[in-house]
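Participant: Provide a 3D model corresponding to the input given below.
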Amino acid sequence: MRIVRFCSAVLLSAFAFAAQAKMVHRPVEWTLGGTRFHSVLVYDDASSAKRPGLVMVPNWFGVNDEAIKKAEMIAGKDYVILLTDMYGANVRPQLDNADQAQAAVKPLYASRALMRSRINAALAQLKAQAKDAPIDTARLAAIGFCFGGAAVLDLARSGADVAAVVSFHGDLSTDDASMAKHIKARVLAMNGADDTWTMKDADKFMDEMRQSPADWQFVVLGHAVHCFTEVGENSPGCKYDAKVAARSYALMHAWLREAFAGRD
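Facilitator: Next up is the predicted model:
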């Protein structure tokens, strides 16, 4: 009887702890160049153990409920994620309004220097959150999707001190291929074999990486088109693929584990 009571007490304590734990969504704001940015720090507070920090740049629709769900899924108990606003707090394209999204990204593609300054500011803000969140600042990386892939690749090209960057169906282009010589991060880019939007730059991207000191890998995922991680997308040339998405996330986790090894 005592054993049963003891076990019941342990189970009740475990359930109570689980009930208290939750996925944190903490607003993080900063101002750069007169523009105010509103990002979201996402992590599971079930444990206070330090874990890697990731800058995550979503697709061109930016920070929204769908992007937060994706950040939660990736963060799990493994990472603290700064879901990054690249446009400014007053620019929020409506989901599925491609014209608004295109208008939002246009200034950043027109000035890659502006893109690099904003993504580097986000990295600095992620580091700053370590005083209040369980971030191991020795293990930092960046991941991005579609437009976000271009942003994190530019973070690497800028010479940012991160262990790795991972691009999912991201834009591979650059305004200055010579910047690749500054790369310190391990670079993983994953694109669909049938992605007509990004694969046109595949050969140039590989040539760029060959000239860099980076440990890099370019993975072409068969039969996949653009948007293969974007749940709900189902249009010609931009389609979610659950199987390919799962493979790409597995590759990401393995890439990050290897990049973080020995950095505790």
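
Participant: ok but residue 26 is inside a strand, no?
Facilitator: Yes. Under DSSP: H, G, I helix; E, B strand; the rest coil, residue 26 sits within a strand.

Participant: Relative to residue 230, how far out is it?
Facilitator: Distance, residue 26 to residue 230, using CB to CB, to the nearest Å: 25 Å. To be clear about C-beta, it is placed using only N, CA and C from the backbone, and glycine gets the same treatment.

Participant: neighbour count winner among these two?
Facilitator: A count of neighbours by other CB atoms under 10 Å puts residue 230 above the other of residue 26 and residue 230, at 22 against 15.

Participant: What segments of the protein are strands?
Facilitator: For the chain, the strands defined by DSSP state E occupy 23-32, 35-44, 51-57, 80-83, 135-145, 164-168, 186-192, 216-221, 234-235, 238-239.

Participant: Give me the helices and strands touching the first one, please.
Facilitator: For strand 23-32, the packing partners by 3 or more CB pairs under 8 Å, 6 or more residues apart in numbering; DSSP states H and E come out as strand 35-44, helix 65-75, helix 112-128.

Participant: what helices or strands is the second one leaning on?
Facilitator: With contacts defined as 3+ CB pairs under 8 Å, 6+ apart, the packing partners of helix 65-75 are strand 23-32, strand 35-44, strand 51-57, strand 80-83.

Participant: Make CSV out of those and add mean pLDDT and distance to residue 164.
Facilitator: As requested, the helices and strands packed on helix 65-75 are exported to CSV (pLDDT from 0 to 100; distance: least, CB to CB, whole Å):
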stretch, mean pLDDT, distance to residue 164
strand 23-32, 97, 22
strand 35-44, 98, 18
strand 51-57, 99, 9
strand 80-83, 99, 14
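
Participant: In contact with residue 104: list those residues for me.
Facilitator: With contacts defined as CB atoms under 8 Å, 6 or more residues apart in numbering, the neighbours of residue 104 are 60, 62, 87, 91, 93.

Participant: To what extent is the first one buried, counted in neighbours?
Facilitator: Just to be clear, that refers to residue 60. The local packing of residue 60 (other CB under 10 Å) involves 23 other residues.

Participant: Ok, the fourth one next?
Facilitator: If you count neighbours by other CB under 10 Å, residue 91 ends up with 17.

Participant: OK, contacts around it?
Facilitator: Taking CB under 8 Å, 6+ apart, one finds 62, 104 in contact with residue 91.

Participant: got any ranges where the stretch 151-264 of the chain has weak pLDDT?
Facilitator: For the stretch 151-264 of the chain, applying pLDDT under 70 flags the ranges 264.

Participant: can you do 90?
Facilitator: Along the stretch 151-264 of the chain, segments meeting pLDDT under 90 span 262-264.

Participant: Let me see the ranges of the helices in it.
Facilitator: Assigned by DSSP state H, counting those that start in this stretch, the stretch 151-264 of the chain shows helices spanning 202-210, 242-260.

Participant: For those, give me JSON lines that also has mean neighbour count and distance to residue 185.
Facilitator: Listed next are the helices of the stretch 151-264 of the chain as JSON lines, based on neighbours: other CB atoms under 10 Å; distance: least, CB to CB, whole Å:
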{"stretch": "helix 202-210", "mean neighbour count": "16", "distance to residue 185": "12"}
{"stretch": "helix 242-260", "mean neighbour count": "17", "distance to residue 185": "8"}
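
Participant: Work out the gap between stretch 218-226 and the centre of the chain.
Facilitator: Using CA atoms, centre = their mean, to the nearest Å, the mean C-alpha position of stretch 218-226 is found 18 Å from that of the whole chain.

Participant: First-to-last residue distance for that stretch?
Facilitator: Using CA to CA, to the nearest Å, one end of stretch 218-226 lies 15 Å from the other.

Participant: wait, what's in contact with residue 150?
Facilitator: Applying CB under 8 Å, 6+ apart, one finds that residue 150 lies in contact with 109, 115, 144, 167, 170, 171, 172, 173.

Participant: Which of the residues you listed sits closest to residue 129?
Facilitator: Set against residue 129, the nearest of the contacts of residue 150 by CB to CB is residue 144 (18.6 Å).
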